[in-house]
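Engineer: Provide a 3D model corresponding to the input given below.
(one chain, ligands or ions: 1)
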Amino acid sequence: MKVNIITLFPEMFEGVFDTSIIGRAQKNKVVEIKCHQMRQWAWNSYGAVDDKPYGGDVGMLIRVDVIDKAIKEIKNKDSHIILTSARGKKFTQEDAERLTKEKNLIIICGHYEGFDERISELVDEEVSVGDYVLTGGEIPAMMITDAVTRLLPGVLGKDESSKIESFSLPDRHIEFPQYTRPAEYNGQKVPKVLTSGDPKKIREWQKLHQGSNSNKNSKKG
Ligand SMILES: C[S@@+](CC[C@H](N)C(=O)[O-])C[C@H]1O[C@@H](n2cnc3c(N)ncnc32)[C@H](O)[C@@H]1O
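Structural biologist: Modelled structure (predicted):
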């Protein structure tokens, strides 16, 4: 899979994508992530990509001609284009799974006050990462890329499998509580069954203690 990210701040992605599982996925060529500096499609010789909104509102909007040029240059017949947007559909694990089928993702990161409305017509979907406003689309683009990449075949090792993680199929449960050493800490003991060595009982306990997607509590959820 190739992921193209159109952004004013490509340098923000370096640490995040160069390390850990996503860094390894790139080295193993399971995913290729390319950050494109939006200013290369600027509408003037000073590198401007935004302009004042009609109607005298505050802030600056990213221009439709800039994004249109960027898409035309990057896009191929397999591209699926995502606009990061606080008003978009909220991103879920199901969306991450759906997007693993794509060969070429293009993710557009807004900044400033947002986008010219006509940019919506150029994309396949508008995606929000939650009901709050962030400074830019860079962190949402990282979240989407990370959630999709870790589901691609060969990215997670056997010990890191995504199949038993929260929100996974068949019932999209929340993962059961897990413990490691020490077996007792500040008077809190690891449940006995987990140290019993009985795989059947352990699995039963895990099933009993996994949560449903609708009863996440504020401490764990
Ligand atoms: C400061 S925000 C613009 C917010 C916009 N004026 C509004 O009220 O919805 C700048 C950019 O950050 C990104 N962004 C902010 N919050 C987001 C969210 N919750 N999900 C996805 N993208 C977001 C979008 O690309 C947006 O264009």
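Engineer: which ones are touching the residue sitting nearest the centre point of the chain?
Structural biologist: Per CA atoms, centre = their mean, the C-alpha nearest to the average position across the chain is that of residue 144, at 1.6 Å. Taking CB atoms under 8 Å, 6 or more residues apart in numbering as the criterion, residue 144 is in contact with 82, 84, 91, 96, 99, 107, 127, 129. Any C-beta I mention is one placed from the backbone N, CA and C, and that applies to glycine too.
Engineer: out of those residues, who's near the ligand?
Structural biologist: By CB under 6 Å from any ligand atom, the members of those lying near the ligand are 84, 129.
Engineer: would you turn the contacts of residue 144 into TSV with pLDDT?
Structural biologist: As requested, the contacts of residue 144 are exported to TSV (pLDDT from 0 to 100):
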residue	pLDDT
82	99
84	98
91	98
96	98
99	98
107	99
127	98
129	98
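Engineer: which two among the contacts of residue 144 are spaced furthest apart?
Structural biologist: Greatest spacing in these, by CB to CB: 84 and 96 (14.6 Å).
Engineer: okay, the two: which has more neighbours?
Structural biologist: Neighbour count, other CB atoms under 10 Å: between residue 84 and residue 96, residue 84 has more, with 27 against 20.
Engineer: if I read this right, that one contacts residue 106, doesn't it?
Structural biologist: No - in this structure, residue 84 is not within contact of residue 106 by CB atoms under 8 Å, at 11.3 Å.
Engineer: and the closest residue to the ligand within the chain, helix, strand or coil?
Structural biologist: Relative to the ligand, the nearest point of the chain is residue 110 (2.3 Å; CB to the nearest ligand atom). Under DSSP: H, G, I helix; E, B strand; the rest coil, residue 110 falls in the coil class.
Engineer: what about it, neighbour count?
Structural biologist: For residue 110, the count of nearby residues is 26 (other CB under 10 Å).
Engineer: and of the contacts of residue 144, the nearest to residue 69?
Structural biologist: residue 107 (16.7 Å).
Engineer: now the helices for this protein?
Structural biologist: Along the chain, counting by DSSP state H, helices occupy 14-18, 20-27, 64-74, 93-99, 138-149, 199-209.
Engineer: the last one: which residues count as buried?
Structural biologist: Burial within helix 199-209, assessed by neighbour count using 16 or more other CB atoms under 10 Å, is assigned to 202, 205, 206.
Engineer: likewise for the third one?
Structural biologist: Of all the residues in helix 64-74, those buried under the rule 16+ other CB under 10 Å are 64, 66, 67, 69, 70, 71, 74.
Engineer: hmm, who's touching it?
Structural biologist: Contact with helix 64-74 is made by 4, 6, 36, 38, 40-43, 49, 81, 106, 108, 115-116, 118-119, 122, as judged by CB under 8 Å, 6+ apart.
Engineer: that's all I had, so thanks and see you.
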